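# sequence and predicted structure, then a few things I'm wondering about:
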Amino acid sequence: MDGLAAANGLAFFQREGQRAVKSEALAGGLQNTNFKVTTAAGLSFVVRIPATDAAQHGQDQGVVDANASAAAAAGLGPSPVAFDEASGIIITEFIKGTV
């Protein structure tokens with residue numbers, strides 16, 4: 001999977017100044033393929049692409065997005081900035097640090 005192509009296919013990255021110019025795969029994730037995507041403006045985001053069989057495992061991306069928003073509001077996680085219902089892709093802030 002190419003994170004840059006996936007990102008640039010989303011409406012969020014088609015806004016002026018939001019074009020994705022760099023992508024790097026992030027390790028981890030049981031169901032998602034995750035990429036750090038950097039825009040032409042130098043802002044970084046995480047693009048979370050669900051597995052093709054996520055729904056078969058009971059994963060509802062709309063619920064995942066709502067839970068991520070609640071966690072961010074409580075100060076427990078990065079803020080989701082966009083959710084593509086058709087693909088289930090969630091875009092969140094990138095928080096620099098180590099795991």
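Received it, and whenever you're ready, just let me know what you need.

# now do the helix or strand hosting Ile91: distance to the chain's middle.
Secondary structure assigned from DSSP states H and E places Ile91 in strand 89-93. Here the centre of mass of C-alpha atoms in strand 89-93, compared against the chain's by Cα atoms, centre = their mean, to the nearest Å, lies 3 Å away.

# quick one: buried residues of the helix or strand of the chain with the lowest mean pLDDT?
Each helix and strand of the chain was given a mean pLDDT (mean pLDDT, DSSP states H and E); the minimum falls on helix 3-8 at a mean of 74. Neighbour counts over helix 3-8 (16 or more other Cβ atoms under 10 Å) mark 3-4, 6-8 as buried. Every residue, glycine included, has its C-beta placed from N, CA and C.

# now tabulate the residues you listed in TSV and tack on distance to Gly28.
Below are the buried residues of helix 3-8 laid out as TSV (distance: Cβ to Cβ, whole Å):
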residue	distance to Gly28
Gly3	14
Leu4	20
Ala6	18
Ala7	19
Asn8	23
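
# relative to Lys22, which of those residues is nearest.
Leu4 (7.2 Å; Cβ to Cβ).

# how about that closest one, what does it touch?
20-23, 35, 37 (Cβ atoms under 8 Å, 6 or more residues apart in numbering).

# got the buried residues for the strand holding Ile91?
89-92.

# that strand pairs with which strands, parallel or anti?
Counting by DSSP bridges, the strands paired with strand 89-93 are strand 44-50 (antiparallel), strand 80-84 (antiparallel).

# could I get the full set of helices for the chain?
Assigned by DSSP state H, the helices in the chain fall at 3-8, 61-73.

# closest one to Ala55 among the ones you listed?
That would be, of the helices of the chain and by Cβ to Cβ, helix 61-73, which comes in at 8.3 Å.

# that closest one packs against which elements?
Applying 3 or more Cβ pairs under 8 Å, 6 or more residues apart in numbering; DSSP states H and E, one finds that helix 61-73 contacts strand 80-84, strand 89-93.

# how far is the first one from where the chain is centred?
Averaging C-alpha coordinates over strand 80-84 and over its chain gives two centres that are 7 Å apart (Cα atoms, centre = their mean).
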